[in-house]
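Undergrad: What follows is a predicted structure for the sequence shown.
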Amino acid sequence: MQRQRAVIKLDPDIQSRSPCFAGTRVPMKSLFDYLTRGRSLDYFLEQFPSVKRRQATAILERAGKLISRAPRAA
């Protein structure tokens, strides 16, 4: 089985250890901020060319899985 490349990096010297896209200084939170404000994934990627599409989609897929596993309120 091929090992998946790291998508998230935590580094105390980069963005005060905020989760960033691996190989960049771009916080993951930026992606969600852009999407929340109605911006497209393509627009986000244009603004942050160091983030690869596969990285952004991997984060979104992981977030979707976490949300789908979350307990539902009665």
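TA: Perfect, I can see it now.
Undergrad: Rounded mean pLDDT for the helix ranked longest in the chain, please.
TA: Among all segments of the chain classified by DSSP state H, the helix with the greatest residue count is helix 53-69. Averaged over helix 53-69, pLDDT sits at 91.
Undergrad: For Leu66, give its distance to Leu60.
TA: To Leu60, Leu66 is 11 Å away according to Cβ to Cβ, to the nearest Å. For the C-beta atoms, the positions are set from N, CA and C on the backbone; glycine is no exception.
Undergrad: Quick check: Ala58 vs Lys52, distance?
TA: 9 Å.
Undergrad: And Ser16, by the same measure?
TA: 23 Å.
Undergrad: now the longest helix of the chain, how far from the chain's geometric center?
TA: Between the mean C-alpha location of helix 53-69 and the chain-wide mean there is a distance of 8 Å, by Cα atoms, centre = their mean, to the nearest Å.
Undergrad: what does stretch 21-34 give?
TA: Stretch 21-34 sits 6 Å away from the centroid of its parent chain (Cα atoms, centre = their mean).
Undergrad: for it, how far is the first residue from the last?
TA: For stretch 21-34, the first-to-last residue distance is 15 Å (Cα to Cα, to the nearest Å).
Undergrad: contacts for it?
TA: When contacts are defined by Cβ atoms under 8 Å, 6 or more residues apart in numbering, stretch 21-34 is touched by residues 5-9, 14-15, 18-20, 43-44, 47-48, 50-52, 55-56, 59-60, 63.
Undergrad: run the last query once more with 10 Å
TA: 5-11, 13-16, 18-20, 39-41, 43-45, 47-52, 55-56, 58-60, 62-63 (Cβ atoms under 10 Å, 6 or more residues apart in numbering).
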